[in-house]
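structure for the following, please:
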Amino acid sequence: MQGSVRRGRDNLPNVKQTISLLLCCVAVHAQAQTGGSNPPSPFQSGVALTSDRVWRGLSDTRGQPAAIGEIKWAWANGPLVGFWASNAADDRYGGHLHLLPFVGYEWTSGTVNAELAYLRHIRPGARQSDGSNLDFGELNTSLGVSGKRVSLRVGLFYSPDFYAGGHSVYEYIDGAVKLVKLATFQISAIAHIGASQFSRTAIGDYEDWKVGLRAGRKPWSASAALTGANPRPDSPLFGSADTGRRFAVTVNYTP
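Numbering: from 1, shown residues only. You can find the predicted model right below:
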């Protein structure tokens, strides 16, 4: 299941459409932040461009670039609601978008942050061989701690209705260590490990990882990371264009 040049070209219009939508979101955010001495708006937004969107160790764009964006309303120690979107590429199921509306609650005290949310994965136009869609919901809970140099976050996603049948669990740990400041850019080392478990699917359980570097100066940041996943030899993912070690460069803008 190797990606082709034609698939890459077919994916470009979707990237352009996604970028246009995301730029509109940023413009709305800029307007929401104006207002002199008014209290900060709960509205937040961000956009990103990446050379390969890797999701839980697997490429969601078959090695092609992606435009990603998010809009969110988050009140301090209160509810949050938002919408995330990215282009995707999958010649097995079709569909060229990955949409993710979510709602939840966030709590922060000092350097500790906790979050509980419900997310709905939507893949417009994507269909399995039996005609069913690839949509599914997930509950997410996570706890993060941020120190002067080190930050750590542990979390869990649980889906009672995974699209391939049964339920699924994804556990992860994210970490970052501030290394040095070059001019006005903070350079940090970043790392991630995760584990996917499924109750009833041919995909099979697997683990994924990521290591890389990030440079940031608000509102911009950029990262370069190496990722990998280890599906079982009898899994349909083994040897596919979705898996294997991948290197991706990502640029983020968060007003």
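
would you map the strands across the chain?
Assigned by DSSP state E, the strands in the chain fall at 43-50, 54-55, 58-59, 66-74, 79-87, 97-109, 112-121, 136-146, 150-159, 168-182, 185-198, 206-217, 220-229, 246-253.

just name the most buried of those.
Per-residue neighbour counts averaged over each of these give the maximum for strand 58-59, namely a mean of 23 (mean count of other CB atoms under 10 Å). (C-beta placed from N, C-alpha, C; glycine too.)

got the contact list for it?
By CB atoms under 8 Å, 6 or more residues apart in numbering, the list of residues contacting strand 58-59 from outside reads 52, 53, 208, 229, 237, 241, 242, 243, 246.

of the residues you listed, which is the nearest to residue 134?
Distances from residue 134 to those, taken as CB to CB, are shortest for residue 242 (13.7 Å).

between the strands of the chain, which one is nearest to residue 128?
Evaluated over the strands of the chain, closeness to residue 128 peaks at strand 136-146, with 11.8 Å, by CB to CB.

what's that closest one packed up against?
Using 3 or more CB pairs under 8 Å, 6 or more residues apart in numbering; DSSP states H and E as the contact criterion, the secondary-structure elements in contact with strand 136-146 are strand 112-121, strand 150-159.

what about that strand, average pLDDT?
Within the predicted structure, the mean pLDDT of strand 136-146 is 98.

need the CA coordinates for that strand. PDB is fine.
The C-alpha atoms that make up strand 136-146 are tabulated as PDB, following Å, rounded to 0.1, in the frame of the first residue of the first chain:
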ATOM      1  CA  PHE A 136     -16.400   7.300  16.500                       C
ATOM      2  CA  GLY A 137     -16.500   9.100  19.900                       C
ATOM      3  CA  GLU A 138     -13.800   9.200  22.600                       C
ATOM      4  CA  LEU A 139     -13.600  10.200  26.200                       C
ATOM      5  CA  ASN A 140     -10.300  11.900  27.200                       C
ATOM      6  CA  THR A 141      -8.900  12.600  30.600                       C
ATOM      7  CA  SER A 142      -5.400  14.000  31.200                       C
ATOM      8  CA  LEU A 143      -3.200  15.500  33.900                       C
ATOM      9  CA  GLY A 144      -0.300  17.800  33.300                       C
ATOM     10  CA  VAL A 145       2.400  19.400  35.400                       C
ATOM     11  CA  SER A 146       4.600  22.300  34.200                       C
END
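
quick one: which of the strands of the chain is nearest residue 130?
The closest approach between residue 130 and any of the strands of the chain, judged by CB to CB, belongs to strand 136-146 at 15.2 Å.

contacts for the closest one?
Outside of strand 136-146, the residues that reach it under the criterion CB under 8 Å, 6+ apart are 104, 111-121, 151-163.

how far away from the center of its chain is that strand?
Distance of strand 136-146 from its chain centroid, counting by CA atoms, centre = their mean, to the nearest Å, is 12 Å.

out of the contacts of strand 58-59, the closest to residue 195 would be?
Residue 195 lies nearest to residue 208 out of the contacts of strand 58-59, by CB to CB, at 7.8 Å.

need the nearest residue in space to the closest one, chain neighbours excluded.
If the residues on either side of it in the chain are set aside, residue 208 comes closest to residue 57, at 2.5 Å by CB to CB, 6 or more residues apart in numbering.

what of residue 169?
residue 197 (4.6 Å).

OK, contacts around the one you found?
With contacts defined as CB under 8 Å, 6+ apart, the neighbours of residue 197 are 168, 169, 170, 171, 205.
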